[in-house]
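> what follows is a predicted structure for the sequence shown.
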Amino acid sequence: MSVKYIPVQWNLNKWMYDACMLAGVAAFLWVFIKVAPGLLSHERPISSQIHNARAFGACAFLMLSIILAIGPLAKLDSRFMPLLYNRRHFGVITAFVATAHATYVINWYFNFSAVPKFEAMLSSNTNFGQLLGFPFEAFGIFALLCLLILAATSHDFWLKFLTAPVWKRLHYLIYPAYIAVVAHISFGILQDQQSLFLPVFFIVTAFAVALLHVWAYMAERKTGDPLATADGDWMRICQADEIEEGRARIALLPDGKRVAVFKHEGKLSAISNACAHQNGPLGEGRIIDCLVTCPWHGFQYRVTDGQSPAPFTEKIPTYNLRVQDGAVLVDPHANPPGTHVDPVEVA
Amino acid sequence: MMAAGLVIFAEYWLMVGAVVALIFLTIGIDRIDEDARGAYIFRPLLVPGVLLIWPLVLWRWYALETGRADETKRYKAVRGAHGFVAIGMAIAIGVIIATGLSIKQTWPDHIAPERLSEAGQ
């Protein structure tokens, strides 16, 4: 949360997160390049450029896999939630590592071509009509382009400017990017590997990412947010006594938006479930210091008017609410962001 | 020919993006985002993004300037595609890896070469 934009919002947690990540990247590259060439079938003489390209490529693949695993892991087990906190820095570093991989490859294989190196890269293999010898470089170029777009639009300005839903849709590019990376490896280095280590590492990692996503989706389907049921012009959310103090119940409204009904100091308030920052699920968070706190990045809002405390300026819609025969009913028409609604006493 | 065309296209795309970045980051951003007013150090960080997605920047700038942006959509989280993405990605990964393994060529490089005829014959 910030009032004016700054280049990077650092804090101690982010420093620690980034330090661990960079140490991991350095350790991976060191092991790949210095310690384990035998494991990787590099006992055959190859140039240091190729060795470095493979090291950075493998590192980028692993980093991208971890980034993609964090989301489903956090859905399946909230203990992984802290990994979500600074995932965008992880993505930016991944884009740098992938760019280093591409730079090594282009400078080694295409630098002294008869035509400019980027043109040489695009024209060196055009066998798009066959699987064997398919130009796997095209997958790599596509994936790198996606990663660069994601990294370049990671600043909070883009979230506010594009709106979180458009930003999210843009950042869905990570999925085709990962599929392209899998194809880049499958039709590229996998075809050349004689040792078992790298193919097994690649296949196990890729299938783990796929499995985690399917698992998290199935779990979400089973325990997902319930549909609010119509009760005249109002929508029935749950029974008032089902809501724990400091927590919320979430329900899906007919317009596709989600409402979160919080209980604070024994009274109920309804706000949008979507955080103004990245549309994180506010209803899965809790009230800390009298403020609803987003579980993703810690953005905070007053439960009665959906506004962040001064000097912050974020605000979210609120909903009118009433309790009837112990049931919580919500007006499905959201109030404009920041509208105060008196909290309702639980009868 | 095709490759040269793609490189030229990329160059023009980035050149137009540079012009958009120059105008947007010096004039436009102050008009459409109050949090950017008086904040300058972060702006160079936005240049790569504008270079890459300048049509989206222009569309959004236009929508905000003209009041056509539907701000209520800001609070409708994008969650409907999760299932499609999860299942689709898992299938794609499986198919691609299976295809890659099925076309993999092997050769007996672990077998020592065997001389089939005597030297000099």
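Perfect, thanks for sending it.
> which residue is nearest the middle of chain A?
residue A:71 (6.0 Å; CA atoms, centre = their mean).
> swap in chain B?
Taking CA atoms, centre = their mean, chain B has its central residue at residue B:52, 8.1 Å away.
> in the longest helix anywhere in chain B, what counts as buried?
Criterion DSSP state H: the longest helix present in chain B is helix B:43-66. For helix B:43-66, burial by neighbour count (16 or more other CB atoms under 10 Å in any protein chain shown) applies to B:43, B:45-54, B:56-58, B:60-61, B:64. Quick note: C-beta positions are derived from backbone N, CA and C, even for glycine.
> what segments of the chain are helices?
Because you didn't say which chain, this covers chain A. Here chain A has its helices, by DSSP H, at A:12-30, A:48-76, A:81-84, A:87-109, A:117-123, A:137-152, A:156-162, A:164-171, A:174-186, A:189-192, A:197-223.
> sorry, I should have been clearer: chain B.
Ranges of helices in chain B, per DSSP H, are B:2-23, B:29-32, B:43-66, B:82-102.
> in a markdown table: the ones you listed, plus mean pLDDT and distance to chain A.
Listed next are the helices of chain B as a markdown table, based on pLDDT from 0 to 100; distance: least, CB to the nearest CB, whole Å:
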| stretch | mean pLDDT | distance to chain A |
| --- | --- | --- |
| helix B:2-23 | 96 | 4 |
| helix B:29-32 | 94 | 7 |
| helix B:43-66 | 96 | 4 |
| helix B:82-102 | 94 | 3 |
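> dump those helices to JSON lines, plus distance to residue A:188.
Compiled in JSON lines, these are given as follows (distance: least, CB to CB, whole Å):
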{"stretch": "helix B:2-23", "distance to residue A:188": "19"}
{"stretch": "helix B:29-32", "distance to residue A:188": "41"}
{"stretch": "helix B:43-66", "distance to residue A:188": "25"}
{"stretch": "helix B:82-102", "distance to residue A:188": "9"}
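> for residue A:219, which of these is the nearest?
helix B:82-102 (10.7 Å; CB to CB).
> can you read off the pLDDT for the closest residue to residue A:126 other than its chain neighbours?
In space, and not counting its chain neighbours, residue A:126 is closest to residue A:135: 6.4 Å by CB to CB, 6 or more residues apart in numbering or on different chains. Confidence at residue A:135, expressed as pLDDT, is 93.
> contacting residues for residue A:135?
Contact analysis of residue A:135 by CB atoms under 8 Å, 6 or more residues apart in numbering or on different chains lists A:124-128.
> pull the most distant pair out of those residues.
Maximum distance among the contacts of residue A:135 (CB to CB): 12.7 Å, for A:124 and A:128.
> ok, how many other residues are close to residue 28?
Picked chain A for this. Counted by other CB atoms under 10 Å in any protein chain shown, the residues lying close to residue A:28 total 17.
> my bad, chain B
If you count neighbours by other CB under 10 Å, residue B:28 ends up with 21.
> quick check: the gap between it and residue B:57.
8 Å (CB to CB, to the nearest Å).
> got it, and residue A:201?
Residue A:201 is 39 Å from residue B:57, by CB to CB.
> again, but for residue B:8
When residue B:8 is compared with residue B:57 (using CB to CB), they lie 22 Å apart.
> equivalent analysis for residue A:239, please.
Taking CB to CB, one finds residue A:239 at 47 Å from residue B:57.
> before we move on, what about residue A:81?
Using CB to CB, we find residue A:81 at a distance of 32 Å from residue B:57.
> and what of residue A:162?
9 Å.
> picking that back up, go through the helices of chain B and name the closest to residue A:231.
It is, among the helices of chain B and with distance given as CB to CB, helix B:82-102, at 28.8 Å.
> ok, and what's touching the closest one?
Applying CB under 8 Å, 6+ apart, the external contacts of helix B:82-102 come out as A:72, A:131, A:172, A:175, A:178-179, A:182-183, A:185-187, A:190-191, A:203, A:206-207, A:209-211, A:213-214, A:216-217, A:220-221.
> now swap in stretch B:37-55 and tell me
If you take CB under 8 Å, 6+ apart as the criterion, stretch B:37-55 is touched by A:4-7, A:148-149, A:151-153, A:155, A:157-158, A:170, B:13-14, B:16-18, B:20-21, B:24-25, B:29-30, B:36, B:57.
> can you tell me which of those are classed as buried?
A:5, A:148-149, A:151-153, A:155, A:157-158, A:170, B:17, B:20-21, B:24-25, B:29, B:36, B:57.
> tell me, how many residues neighbour residue A:31?
That count, for residue A:31 with other CB under 10 Å as the rule, works out to 13.
> roughly how far does it sit from residue A:53?
Per CB to CB, residue A:31 is found 16 Å from residue A:53.
> how about residue A:65?
Distance from residue A:65 to residue A:53, by CB to CB: 19 Å.
> not counting residues beside it along the chain, what's closest to residue A:278?
Nearest one to residue A:278, counting by CB to CB, 6+ apart, is residue A:164 at 5.4 Å.
> in the stretch 101-250 of chain A, what residue lies closest to chain B?
residue A:186 (2.9 Å; CB to the nearest CB).
> tell me how many other residues crowd that residue.
Residue A:186 has 27 nearby residues by other CB under 10 Å.
> give me the pLDDT for it.
Note for residue A:186: predicted pLDDT of 95.
> show me the contacts for it.
Residue A:186 touches A:136, B:96-97, B:99-101, counting by CB under 8 Å, 6+ apart.
> please apply the same query to residue A:301.
Neighbour list for residue A:301: A:271, A:282, A:291-292, A:307-308, A:314-316 [criterion: CB under 8 Å, 6+ apart].
> from those residues, which is closest to chain B?
residue A:316 (6.2 Å).
> isn't that closest one up against residue A:275?
Yes: contact criterion CB atoms under 8 Å: residue A:316 and residue A:275 qualify, at 7.1 Å.
> what is in contact with the two at once?
residue A:282.
> buried set for stretch A:285-294?
Neighbour-count burial for stretch A:285-294 [16+ other CB under 10 Å]: A:285-287, A:291-294.
> check stretch A:94-108 too.
Quick answer for stretch A:94-108 (16+ other CB under 10 Å): A:94-102, A:104-106.
> now tabulate the contacts of residue A:135 in TSV and tack on neighbour count.
TSV is the format used below for the contacts of residue A:135 (neighbours: other CB atoms under 10 Å in any protein chain shown):
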residue	neighbour count
A:124	14
A:125	13
A:126	11
A:127	10
A:128	8
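> how far is stretch B:23-36 from where the chain is centred?
Computed by CA atoms, centre = their mean, to the nearest Å, the chain-centroid distance of stretch B:23-36 equals 24 Å.
> actually, stretch B:61-70.
Its chain's average C-alpha position is 25 Å from that of stretch B:61-70, according to CA atoms, centre = their mean.
> which residues sit against it?
A:163, B:24, B:28, B:31-32, B:60.
> closest to residue A:323 out of those residues?
Out of the contacts of stretch B:61-70, the member with the shortest distance to residue A:323 (by CB to CB) is residue A:163, at 33.1 Å.
> that closest one and residue A:331: what is the separation?
From residue A:163 to residue A:331 the distance is 24 Å (CB to CB).
> so which of the two has more stuff around it?
Set side by side, residue A:163 and residue A:331 show more neighbours around residue A:163, with 22 against 17, by other CB under 10 Å.
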